[in-house]
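>>> Starting from these lines, generate the structure:
(2 chains)
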Number of protein chains: 2
Amino acid sequence: MATGGRLAAFRRTAARSGTLWASTVAVDRVAAVGMQRLWKPVRVPAARLGDQLAQVFRAWGMSEAHVDVTVERVLYADLRGIDSHGCCMLPFYRQQLRDGIITPRPSIVVVRESGSTALVDGGGGLGHVAASESMARAIEKAREGGVGVVAVRDSGHFGAAGAYAALAAEAGMIGIATCTTPTPAVVPTFGRQARLGTNPLAFAAPARQHRPFLLDMATSTASLGKLIERWRQGLAVPAGWAVNSAGAPMTNGYRAAAARHLTPLGGTPEGASYKGYGLAVAMEILAGVLTGVGIEPSADGRRPRVGQFFLALDPGRFGDGDFGERLDELVTWLRDTPPLTTGRDVQVAGDPERLVLAERERLGIPLARAVVEDLREVAADAGVTFLLDGTL
Amino acid sequence: MATGGRLAAFRRTAARSGTLWASTVAVDRVAAVGMQRLWKPVRVPAARLGDQLAQVFRAWGMSEAHVDVTVERVLYADLRGIDSHGCCMLPFYRQQLRDGIITPRPSIVVVRESGSTALVDGGGGLGHVAASESMARAIEKAREGGVGVVAVRDSGHFGAAGAYAALAAEAGMIGIATCTTPTPAVVPTFGRQARLGTNPLAFAAPARQHRPFLLDMATSTASLGKLIERWRQGLAVPAGWAVNSAGAPMTNGYRAAAARHLTPLGGTPEGASYKGYGLAVAMEILAGVLTGVGIEPSADGRRPRVGQFFLALDPGRFGDGDFGERLDELVTWLRDTPPLTTGRDVQVAGDPERLVLAERERLGIPLARAVVEDLREVAADAGVTFLLDGTL
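Numbering: from 1, shown residues only, chains lettered A, B, ... in the order given. The predicted structure is shown next:
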């Protein structure tokens, strides 16, 4: 009974959360039936997963153009190990469609535009297309005037922020991307209630010989996904990741994820968590205050709409010579740092994701069985063939 | 002898450091003569300190216009408790002048300019004037096209980064400022050698009822100044602030500051120090790679020149209604967070500095005796009257 009550509470939280839908549902299922094997991943080729996603999006009524872009952005996350922001979000997206919070055929329009800036209305759709188009617009403006800033209001979840910063780097630009998140999950320093989202900060820059520098980070110490991952692995959550309402560390990843009381980067006041807190506010200002999303959640504890922010900067307008070559020099300088442990080389942001990408392109994307079963339900509900049986 | 050897090594490090000159010299002096009373601060009215600074700068050969701006920026730090970036830097500036690293009469020129961007050459002067002019230029561009980005090469120390972000907020703009720092002090995650500066990130945004949001943070967990402060107070440095070359925490603030082995924000890999490391690199890209400062220190362990980066963004180009009112709403929402401890309210970035400012405007700026004595030497050396005797 006690377990049942906790699970019900957890399910309610998950239903509100707007992130990690599948993961939290899956935690619920594992806790309920004790089937740890549900977590054993199966490998799915990216192309097949893409086909599955495309069929579902089409069945939901999305246009072909929107299907293509959305599939690409979802797979971006799944291919790079950003598992909390890829296909596991589909049950959440479906729920949002059902609840009328998002529409499959948004009208994405430029509300106002001037010189190097624009405000776009996402039309209440999923965020992937509005975000992609807006970063493309920022890049275009940067080509013209050196820098472009495009903010989006009335949008939805856009997957991994890094995907959009990466678009800028692919176009030879420095790119910055951030967004608001619907449900508070981060506790301000010296507070005892979550008041901010995990507001990501993505920053990319193009090198020449090396792959782009690509930082994609939540401004909290850890993401909700990492708490659940710890719980799955039977490990305690380290002190400094999540706190209870008395400010004490929470070590149970399952409870900590349900409580949604993450610390800002820095972890504790002594560890300078006011810096992570300040960064989270800065991202909220760019993606939320600039666009007018508003900060207070409505009665259900969520903000229905997401705001997004994209900046592109043309590095060719500044120093002499080639920016990419200079960035190569910095990347090499950092990679050449003598390592603490032989064999564990110093990396730069973007390296871990690229290692995962190479592996997953070769071996397929590992999906937890729970995620596969969620996708089976989503496919059945959409009336499309399920393609993920008999995977690798 | 052992102490003498350590002090000599420390003095060499301090001479190289380019930051915290006076603090480290003062640590040296205290350690040598055991005169803890040197640390007892005396209060100096800001106007008198400003007069003293102006006389010295004039004697160094700076133009009246440069004197005015530089004094204002130096006092900005001293008035707000950013004590490591204010008048205590004067002995270091004098040394740089003597060594011919900086010139008192720099020719600050726009190297290239296009649309919303510009590259400025700081002419090898102190950085305060080039930085102020460049943020002013970015603001002007933001007034015209919505956003402006101005980067500066061949510049010097500019004091507190927040001073320049604040200029943007005073002009109704969102402002971002960062710079390179001359000597490596931050160890990349999984490395065992400092490869990056404490590269600051300053972000400001104008509210209406409230004062501006103003984040001004080093991307390291703690600054060198905080290590020395701990040592002064007889306190151990917390684990996660500084590491030795085996990656173990250093707890002696004096040794840790000399070693210049700070951790990136996050402190440890488990605490997500790769995020602070990534942020430090992002700032290095904006202020260093963009401008062409180069990353490798020269034979003396320093990079002689500093690069700077300034962005101004007009918030009036985006959401409907008044940006300042929307930011007020966010600030109120955060300040209203239920506090962990009764009486210790949740603050927003900029609040602590403003409390100090109010106190120091009323009571004067508390200067450590060691800093006063350093300034006495600087004044004597410049051949100007010493004004800080008989202080409050």
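>>> Just confirm residue A:332 is within a strand.
No. Residue A:332: not assigned to a strand; according to DSSP: H, G, I helix; E, B strand; the rest coil it is helix.
>>> Let me know the distance separating it from residue A:239.
36 Å (C-beta to C-beta, to the nearest Å). For the C-beta atoms, the positions are set from N, CA and C on the backbone; glycine is no exception.
>>> Check residue A:68 too.
On the measure of C-beta to C-beta, residue A:68 and residue A:239 end up 45 Å apart.
>>> neighbours of the nearest residue to residue A:303 once chain neighbours are set aside, just the number please.
For residue A:303, ignoring the flanking residues on the chain, the nearest one in space by C-beta to C-beta, 6 or more residues apart in numbering or on different chains is residue A:182 at 5.0 Å. Residues near residue A:182, counting by other C-beta atoms under 10 Å in any protein chain shown, number 24.
>>> Residue A:302 is in contact with residue A:182, correct?
Yes. Residue A:182 is in contact with residue A:302 according to C-beta atoms under 8 Å; the separation is 4.6 Å.
>>> buried stuff in stretch A:243-262?
Residues A:243, A:247, A:249-250, A:253-262 are the ones in stretch A:243-262 that count as buried (16 or more other C-beta atoms under 10 Å in any protein chain shown).
>>> and of these, the nearest to residue B:362?
residue A:247 (33.0 Å; C-beta to C-beta).
>>> Please determine how far the nearest residue to residue A:125 once chain neighbours are set aside is located from residue A:262.
Nearest non-adjacent residue to residue A:125, counting by C-beta to C-beta, 6+ apart: residue A:106, 2.8 Å away. The spacing between residue A:106 and residue A:262, counted by C-beta to C-beta, is 30 Å.
>>> Which stretches in the stretch 151-300 of chain A count as strands?
Ranges of strands within the stretch 151-300 of chain A are A:174-179, A:200-205, A:213-218, based on DSSP state E, counting those that start in this stretch.
>>> deepest of these, which one?
Highest mean neighbour count among those (mean count of other C-beta atoms under 10 Å in any protein chain shown): strand A:174-179, with a mean of 29.
>>> Is there proximity between that strand and chain B?
Yes. Counting by C-beta under 8 Å from any C-beta of the partner chain, chain B is contacted by strand A:174-179 at residue A:174.
>>> Does that strand pack against any helices or strands, and if so which?
Strand A:174-179 is packed against helix A:127-145, helix A:162-170, strand A:200-205, strand A:306-313, with contacts defined by 3 or more C-beta pairs under 8 Å, 6 or more residues apart in numbering or on different chains; DSSP states H and E.
>>> Residues in contact with that strand: which ones?
Contacting residues not belonging to strand A:174-179 are listed as A:127, A:131, A:135, A:138-139, A:155, A:158, A:161-162, A:164-169, A:199-206, A:283, A:286-287, A:306-315, B:285-286, B:290 [C-beta atoms under 8 Å, 6 or more residues apart in numbering or on different chains].
>>> Any chance of a PyMOL selection covering the buried ones in those residues?
Selection of the buried residues among the contacts of strand A:174-179 in PyMOL, burial being defined by 16+ other C-beta under 10 Å:
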select buried, (chain A and resi 127+131+135+138+139+155+158+161+162+164+165+166+167+168+169+199+200+201+202+203+204+205+206+283+286+287+306+307+308+309+310+311+312+313+314+315) or (chain B and resi 285+286+290)
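>>> SS state for residue A:72?
helix.
>>> which residues touch it?
No residues are in contact with residue A:72 under the rule C-beta under 8 Å, 6+ apart.
>>> got the strands of the stretch 151-300 of chain A as a markdown table, with distance to residue B:348 and mean pLDDT columns?
Converted to a markdown table, the strands of the stretch 151-300 of chain A look like this (distance: least, C-beta to C-beta, whole Å; pLDDT from 0 to 100):
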| stretch | distance to residue B:348 | mean pLDDT |
| --- | --- | --- |
| strand A:174-179 | 18 | 98 |
| strand A:200-205 | 18 | 98 |
| strand A:213-218 | 20 | 98 |
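>>> could I get those strands as a markdown table with distance to residue A:100?
Formatted as a markdown table, those follow (distance: least, C-beta to C-beta, whole Å):
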| stretch | distance to residue A:100 |
| --- | --- |
| strand A:174-179 | 21 |
| strand A:200-205 | 26 |
| strand A:213-218 | 29 |
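>>> Quick check: which of the ones you listed is nearest to residue B:368?
strand A:200-205 (36.4 Å).
>>> Which residue of chain A lies farthest from its centroid?
Of all residues in chain A, residue A:320 has its C-alpha farthest from the mean position, at 35.6 Å, by C-alpha atoms, centre = their mean.
>>> Just want to check the distance between the closest residue in space to that one that isn't next to it in sequence and residue B:101.
Excluding the flanking residues, the one nearest residue A:320 by C-beta to C-beta, 6+ apart is residue B:292, at 5.9 Å. Noted for residue B:292: a distance of 18 Å to residue B:101, by C-beta to C-beta.
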